[in-house]
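A.B. asks: curious how this folds, go ahead:
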Amino acid sequence: MQVQTPIKSQAASLPPAFHRLTWSNLAAQSAEQIGLAATPIVAVFALGAGAGQTGWLQTAQTMPFLVLSIVLGVWADQTSRKNLMARAEGVRCAALLVVLAALLAGKLSLPLLAVCGFVGACGTVAYNVAAPSLITSLVERSAWATANGRVELARSVAYSAGPALGGLLVGVVGAPAAFIAAAGLSATAVLLLSKISEPVRTPAPRRKFMSELREGAAFVSGNALLRAIVLTAVFFNVGFFVVQAVYVPYASQHLALSAAGVGATLAAYGAGMIAGALAAPKISSHLRFGQVIVVGPLCGLAASLTLCATLLVPSPWIAAAAYFQLGFGPILWVIGSTTLRQAITPESMLGRVSALISTATYGARPLGALIGATLGGTAGAQACLVVAVFAFAIQAFVILRSSAARLVSIPNVAQ
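C.D. replies: Okay, here's the model as predicted:
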């Protein structure tokens, strides 16, 4: 039997433990964004990397989503989620410090940046698979959508300030300052996570890893709503990371931007996320739940077409507008699709289901980066922008044809 929970239901108050989670998320995401912005900028402006090389660097930075999400997701269902997140964030902090030491010693290289980028991404993977289930244990069900919106707002601030700060620090103060700031924020996230009082869960019977995995996979593949969510996100991430793989060299060469200018255009992505997160409650009050979900994929398609316009008119303002669109719509998608996943998935399976979805969707990131690296190295960055449009068109078509687009409100199933 299925009932509907109105999207406009009055949210319960959010507890102090959740606010610590939100602040830790802000610190961790800021560390990630400063590092992600500084790394390709250093590679291009200090090490002379081209579109193909930055594409391979982006592939390394996104590969953990493909190879670690499932393992971390199963662990999230079996152990303390906040401890898992804190340990993974500590690994990110260590990776950032290694890059800093190499910079100061004059030993930095593209392979070292790639390895440390791979290791550092472990913190993000742990957050992605563990945070949704930690939220459900800290917050009452009626406040899940509100809580997801707060978490995404914190992430939006990080996506806005992080790239701009990373580009500014590298371009004005120097690359070491960017990695010092990122490592400090990462350490702050670990401290905040350690202060969270996580509710004690009834220990689940220990089962074999493959049994846990098969159960989660069967749940995802057997649910039409989740299948549509996964497929849409896969093509969105492919398209997005085809662009991300080559954007820094494209912006520096075709748009004639400095390191700080590149960071500023990337910061428009975060500005769009902030605007979308702030507008989400009002938008949700005027649209059906399914309509809210399709806004993100449509904005993604519009953004890819806008960015392609810079091929004819090489304006940084047009590039910034494209990144703003990439932030504004998809943040509504993240809030809506996460709330949908939480609503229809049993709590005991949320870690595995989140991990499987992360593996499929975020695992598409290295695929997109690999396409960008290969195509960018042979045909140039311009070709990558065109190819990305096709991926964004597919994801928009998939979600518009799905049952998720026709949902009136947040579905609920018997747990």
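
A.B. asks: measure the closest residue to Ala224 other than its chain neighbours to His254 for me?
C.D. replies: In this structure, Ala224 finds its nearest non-sequential neighbour in Ser403, 5.5 Å apart by C-beta to C-beta, 6 or more residues apart in numbering. Every residue, glycine included, has its C-beta placed from N, CA and C. Relative to His254, Ser403 is positioned 41 Å away (C-beta to C-beta, to the nearest Å).

A.B. asks: swap in Val234?
C.D. replies: Where His254 is concerned, Val234 sits at a distance of 28 Å (C-beta to C-beta).

A.B. asks: please apply the same query to Leu26.
C.D. replies: For Leu26, the distance to His254 - C-beta to C-beta - is 33 Å.

A.B. asks: coming back round to it: the more surrounded of Ser403 and His254?
C.D. replies: His254 (16 against 12; other C-beta atoms under 10 Å).

A.B. asks: residues contacting the more buried one?
C.D. replies: 310-311, 314, 381-382 (C-beta atoms under 8 Å, 6 or more residues apart in numbering).

A.B. asks: so what's it scoring on pLDDT?
C.D. replies: As predicted, His254 sits at a pLDDT of 88.

A.B. asks: for the stretch 251-400 of the chain, just list every one of the strands.
C.D. replies: Here the stretch 251-400 of the chain has no strands by DSSP state E, counting those that start in this stretch.

A.B. asks: low-confidence regions, it specifically.
C.D. replies: 347-348, 350-351, 354-355, 358 (pLDDT under 70).

A.B. asks: that one: helices as residue ranges?
C.D. replies: Assigned by DSSP state H, counting those that start in this stretch, the helices in the stretch 251-400 of the chain fall at 259-286, 289-308, 316-344, 350-361, 364-378, 381-401.

A.B. asks: what's the most buried one of those?
C.D. replies: Highest mean neighbour count of these: helix 350-361, a mean of 25 (counted as mean count of other C-beta atoms under 10 Å).

A.B. asks: surely the residue nearest to Ala224 touches Leu226?
C.D. replies: No - look at Ser403 against Leu226 with C-beta atoms under 8 Å: they stay out of range, at 10.9 Å.

A.B. asks: quick check: Ala183 vs Leu100, distance?
C.D. replies: On the measure of C-beta to C-beta, Ala183 and Leu100 end up 7 Å apart.

A.B. asks: the two: who's more crowded?
C.D. replies: Comparing Ala183 with Leu100 by other C-beta under 10 Å, the one with more neighbours is Ala183, at 23 against 20.

A.B. asks: next one: phi and psi at the more buried one?
C.D. replies: phi -60, psi -40 (degrees, to the nearest 10).

A.B. asks: go on, Gly363?
C.D. replies: phi -70, psi -20.

A.B. asks: check contacts around it.
C.D. replies: Contacts of Gly363 (C-beta under 8 Å, 6+ apart): 65-66, 69.
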